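Colleague: pasting the structure only:
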Ligand code: BGC
């Protein structure tokens, strides 16, 4: 530590965090706004690809004569499949690499400037998307660059929020990020809905241009928030770490709470560094894969669980509804307005996510992952079975009762995801890595989310297209089965992190297995383990030992 500064802490595990104040809440709530980028940017592309003006511009085919009805355009009036696929999936490529690089940048320049840089990169990408007209290469490069910005933001917001949020409400606050994702998806749908029939460049430039606003709000607002104290601790700048911690806990810098929490962060960091030394750049990446696969607290195990959990979140099958919902509802037959049903599913997602703010702290991350996953399995199998049964009954024009039941269970499936896997996967990833590899671990896990998101986007059309497997509702047998695997993954590999400080999570992982983790209570501070407690704490501890004897 610079100047040989030694920060002494307490032996009392319950005393290492200040009471939560409104200001502390508001800081995290603001940071959660980053979820809007994630949701909005995944939400607008599907709609824009179906816009008459956009199609006309890129295919040079004339828009068919009136009546203008975007929902019933002739089949040849659409972009070629490869262009659609390229324009859609290139975003995930950008986000994947953005999220991977973001961890390094965040360790060098800090969490906050990395998010601000992400906003800037994102804005450059948006300019490339909308400035030139009719230049596919420019649009695609713009989407790649914007994707890199979203990758930066989506990985580092989780890291930043997890590092500044008070432990008692960290789950609820990080769930706020998921809530913003859902709001972003909804907003994108609304804006695209409003501009879809315009026959000028506003049809697609408005939905894309709106995003500058998100960049301005997040980038501008973050200038006023403090840096993560854990970033400064990692850099060895105790002075700045103290100031930042005092600000995020809304306490004077000489408060005992601030001193004790800082001592925990430092003692834990020193312990971690001593166990897995990182030499040089390559060595610091290799550190993410060190240790034994059978040790629940090893770095390699945490990296695999973090990336695996994000993969499992994608394989719950949720994005099938969000990406292909409209065309799936069209195939069911009796639905007059499939767009409306898609909008309803997006609304269910938004309205049920806040339930997670409460249950994630009340029941814990692990329990809700198991509960939500099981519910998704049941709902998706019911949709599949109902679909098959209705098809066998062959009612001409479709079976309205069966379709209603399918939609009801699809909505229940979304609610199950929104209240559990949606937020909990992000919360757990933000909490499970030790400080020396945290930024990279969160970055790799976020990259895994985008990678599998892309793979699902690419393979799903083969399951449902009329000229391919044409599975119809039977596709839910696949998602029901993969959701079962995701639930099993959570059961075997995810530990309970509710109510623990990030440093206590380390201790819990050392002392328990996922299945026994829920009952674990912190019993010793890192400061005590490392022999760095202050006089008062030592005296109290001696008195306690005496009283016990
Ligand atoms: C997932 C996204 C999904 C969204 C839906 C996020 O947590 O990572 O893939 O589209 O939730 O709300």
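Modeller: Alright, I've got the coordinates. Owing to the predicted nature of the structure, the values given are computational and were not obtained by experimental measurement.

Colleague: near the ligand, anything from stretch 445-452?
Modeller: Yes - for stretch 445-452 and the ligand, the contact criterion (CB under 6 Å from any ligand atom) is met by residue 449. Every C-beta, even on glycine, is put in place using the N, C-alpha and C of the backbone.

Colleague: gap between that stretch and the chain center?
Modeller: 9 Å (CA atoms, centre = their mean, to the nearest Å).

Colleague: what's in contact with it?
Modeller: 92, 95-97, 99-100, 102, 151, 154-155, 158, 306-311, 313-315, 425, 429 (CB atoms under 8 Å, 6 or more residues apart in numbering).

Colleague: 7 Å instead, please
Modeller: Residues from elsewhere that reach stretch 445-452, judged by CB atoms under 7 Å, 6 or more residues apart in numbering: 92, 95-96, 99-100, 151, 154-155, 158, 306-307, 310-311, 313-315, 429.

Colleague: so of those, which ones are in helices?
Modeller: 92, 95-96, 99-100, 151, 154-155, 158, 306-307, 310-311, 313-314, 429 (DSSP state H).

Colleague: center of the chain, which residue is that?
Modeller: Centroid-nearest residue in the chain: residue 426, 4.6 Å away (criterion: CA atoms, centre = their mean).

Colleague: if I look at it, how far off is residue 359?
Modeller: 15 Å (CB to CB, to the nearest Å).

Colleague: what helix or strand is the spatially closest residue to residue 283 that is not a sequence neighbour on?
Modeller: Leaving aside its chain neighbours, residue 283 sits nearest to residue 277 (7.9 Å; criterion: CB to CB, 6 or more residues apart in numbering). If you go by DSSP states H and E, residue 277 is not part of any helix or strand.

Colleague: and residue 277, how far from residue 267?
Modeller: Distance from residue 277 to residue 267, by CB to CB: 17 Å.

Colleague: more neighbours: which of the two?
Modeller: Neighbour tally, residue 277 and residue 267, criterion other CB atoms under 10 Å: the higher count belongs to residue 267, 23 against 12.

Colleague: quick one, helices of the stretch 301-450 of the chain?
Modeller: Ranges of helices in the stretch 301-450 of the chain, per DSSP state H, counting those that start in this stretch, are 318-331, 338-352, 355-362, 365-393, 400-419, 421-431, 435-464.

Colleague: export the ones you listed to a markdown table and tack on distance to residue 185 and mean pLDDT?
Modeller: A markdown table is the format used below for the helices of the stretch 301-450 of the chain (distance: least, CB to CB, whole Å; pLDDT from 0 to 100):
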| stretch | distance to residue 185 | mean pLDDT |
| --- | --- | --- |
| helix 318-331 | 7 | 82 |
| helix 338-352 | 6 | 89 |
| helix 355-362 | 16 | 96 |
| helix 365-393 | 18 | 93 |
| helix 400-419 | 11 | 94 |
| helix 421-431 | 11 | 97 |
| helix 435-464 | 13 | 90 |
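
Colleague: taking the stretch 301-450 of the chain, what residue is nearest to the ligand?
Modeller: Nearest residue of the stretch 301-450 of the chain to the ligand (CB to the nearest ligand atom) works out as residue 422 at 4.5 Å.

Colleague: ok, residue 229 touching residue 241?
Modeller: Yes - applying CB atoms under 7 Å, one finds residue 229 in contact with residue 241, separated by 4.6 Å.

Colleague: tally of neighbours for residue 446?
Modeller: By other CB under 10 Å, 33 other residues sit near residue 446.

Colleague: also residue 463?
Modeller: Neighbour tally, residue 463, other CB under 10 Å: 17.

Colleague: residue contacts, it?
Modeller: 469, 471, 475, 478 are the contacts of residue 463 under CB under 7 Å, 6+ apart.

Colleague: was I right to think the first one contacts residue 461?
Modeller: Right, residue 469. No - with contact defined as CB under 7 Å, residue 469 does not reach residue 461; the gap is 9.7 Å.

Colleague: for residue 485, give me its contacts.
Modeller: residue 315.

Colleague: tell me the confidence at it?
Modeller: Here, the pLDDT recorded for residue 485 equals 98.

Colleague: what does residue 67 give?
Modeller: 50.

Colleague: show me the contacts for the residue nearest to residue 234 when sequence neighbours are not counted.
Modeller: Using CB to CB, 6+ apart and skipping residues adjacent in sequence, the residue nearest residue 234 is residue 435, 5.8 Å away. By CB under 7 Å, 6+ apart, the contact set of residue 435 is 230, 234, 268, 269, 272.

Colleague: JSON lines please, covering those and showing pLDDT.
Modeller: Listed next are the contacts of residue 435 as JSON lines, based on pLDDT from 0 to 100:
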{"residue": "230", "pLDDT": "93"}
{"residue": "234", "pLDDT": "92"}
{"residue": "268", "pLDDT": "85"}
{"residue": "269", "pLDDT": "86"}
{"residue": "272", "pLDDT": "82"}
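
Colleague: inside helices: which ones of those?
Modeller: Per DSSP H, those map to helices at 230, 234, 268, 269, 272.

Colleague: surely the third one touches residue 503?
Modeller: Yes - with contact defined as CB under 7 Å, residue 268 reaches residue 503; the gap is 3.9 Å.

Colleague: can you check which residues contact both of those two?
Modeller: residue 526.

Colleague: quick one: name the residues of the stretch 151-300 of the chain near the ligand.
Modeller: 178, 181, 182.

Colleague: what do you get for the stretch 301-450 of the chain?
Modeller: So far as CB under 6 Å from any ligand atom goes, the stretch 301-450 of the chain lies against the ligand at 313, 318, 319, 322, 349, 422, 449.

Colleague: which of these has the most neighbours?
Modeller: That'd be residue 313 among these, by other CB under 10 Å, with 28 neighbours.

Colleague: tell me the contacts of the residue of the stretch 301-450 of the chain closest to the ligand?
Modeller: Contacts of residue 422 (CB under 7 Å, 6+ apart): 178, 353.

Colleague: just want the angle from the helix or strand harbouring residue 90 to helix 435-464.
Modeller: Here residue 90, judged by DSSP H and E, is contained in helix 81-109. Interaxial angle of helix 81-109 relative to helix 435-464 (axes from the mean of the first three to the mean of the last three CA atoms, to 10 degrees): 170 degrees.

Colleague: that's all I had, so thanks and see you.
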